[in-house]
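K.L.:
Generate coordinates for the sequence data below:
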Amino acid sequence: MIWFKKDIFKKKTLANGETDRDKSVRVPVGLWVKCESCSEIIYKKDVEKNLDVCTKCGHHYRIPARARIDMTIDEGTFKEQDQGVSPADPLEFKDLKKYKDKLRAAQKESGMNDAVVTGSGLIGGRRVFAAAFEFPFMGGSMGSVVGEKIARLIEGALEAKCGVIIFSSSGGARMQEGILSLMQMAKTSAAIARLKDAGLPYISVLTDPTMGGVTASFAMLGDVIIAEPKALVGFAGPRVIAETIKQTLPEGFQRSEYILEHGMIDMIVERRHMKDTLTRLLAMLGHRHGQ
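P.N.:
Purely as a prediction, here's the structure:
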């Protein structure tokens, strides 16, 4: 009966010094992802082929600004502008870390000078000026450089007589720049007003999340306002609102479906249909081919 005492889980040492147990559990890193919404384990390449959308539940992952441009603008037509504009630290702001140090870390990690990519290109053969936010860059926050780049983008559209599309993904105004960041709300809103006066279309696309001063300015001023499914859109976050009013918020509060139902946006468009939808909207709004 000695086999009852046998250690059936005893490790066997292999020639390379590893154990058979080590070998049996080794799995390549990065092949699978866990969906943030449905918690399903999905093959990463399948998600990437599906434009970074969960193949099980349709959850839209956040994507880099340049990936957004690549999947929206006709291949080989995008010309980036103002990529050399860099933020300063006029307030010499410091909390747990210096603002300068946070900027350097974000720039090194993202390869960008600030939280937005701007430029012009073609969508379905129609020239547009487009911007896309990089959320990992300090939460896509809007400082003086972001406001300046968006204002310059709109000035370029006015000169070229083209429409504008902005993909927003931001936590709001950048606190490290104080009043200078809040001034960008007025600056970008005034630029949008000039675009409207010229009769040129502006399409705003809200992605997860679009909050704070970005929502309170140019993001909600589009001739057509689109949102991706289940994107969080608002000014203050739901937790702050719930604590302030001391009430339980409705299910899905501040998500795309809720704000569509309450008339704050015009439509919800899945990522795989976004480019076709934008092409049709530009045609409906009188944007001619090549213009």
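K.L.:
State the distance from the most centrally placed residue in the chain to residue 205.
P.N.:
Central residue of the chain (Cα atoms, centre = their mean): residue 169, 3.7 Å from the mean position. Residue 169 is 9 Å from residue 205, where distance means Cβ to Cβ, to the nearest Å. Using the backbone N, CA and C atoms, a C-beta is placed for each residue, glycine as well.
K.L.:
The residue nearest to the centre of the chain belongs to a strand, doesn't it?
P.N.:
Yes. Assessed by DSSP: H, G, I helix; E, B strand; the rest coil, residue 169 belongs to a strand.
K.L.:
I'd assumed residue 207 was in contact with it.
P.N.:
Yes. Here residue 169 reaches residue 207: they are 4.6 Å apart, a contact under Cβ atoms under 8 Å.
K.L.:
got any residues that touch both of the two?
P.N.:
62, 133 (Cβ atoms under 8 Å, 6 or more residues apart in numbering).
K.L.:
can you map out the helices along the stretch 101-250 of the chain?
P.N.:
144-160, 179-197, 212-215, 238-245 (DSSP state H, counting those that start in this stretch).
K.L.:
Among those, which comes closest to residue 284?
P.N.:
helix 179-197 (16.4 Å; Cβ to Cβ).
K.L.:
Could you list every helix and strand in contact with the closest one?
P.N.:
helix 144-160, strand 202-210, helix 212-215 (3 or more Cβ pairs under 8 Å, 6 or more residues apart in numbering; DSSP states H and E).
K.L.:
Please repeat the previous calculation with a cut-off of 6 Å.
P.N.:
Counting contacts by 3 or more Cβ pairs under 6 Å, 6 or more residues apart in numbering; DSSP states H and E, helix 179-197 is packed against helix 144-160.
K.L.:
Tell me the buried residues in the helix it packs on?
P.N.:
By neighbour count on 16 or more other Cβ atoms under 10 Å, the buried set for helix 144-160 is 144-154, 156-158.
K.L.:
next one: stretch 81-100
P.N.:
So for stretch 81-100, counting by 16+ other Cβ under 10 Å, buried means 81, 82, 87, 93, 99.
K.L.:
Identify the residues contacting the second one.
P.N.:
By Cβ atoms under 6 Å, 6 or more residues apart in numbering, the residues touching residue 82 are 118, 149, 152.
K.L.:
now the buried residues of stretch 81-100 as CSV including pLDDT?
P.N.:
As requested, the buried residues of stretch 81-100 are exported to CSV (pLDDT from 0 to 100):
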residue, pLDDT
81, 97
82, 97
87, 95
93, 95
99, 97
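K.L.:
From those residues, pick the one nearest residue 189.
P.N.:
When the buried residues of stretch 81-100 are compared for distance to residue 189 (Cβ to Cβ), residue 82 comes out closest, at 19.4 Å.
K.L.:
For residue 222, see how far away that closest one is.
P.N.:
22 Å.
K.L.:
I figured residue 254 was touching residue 237, is that so?
P.N.:
No. When contacts are counted by Cβ atoms under 6 Å, residue 254 is not listed as touching residue 237 (8.0 Å).
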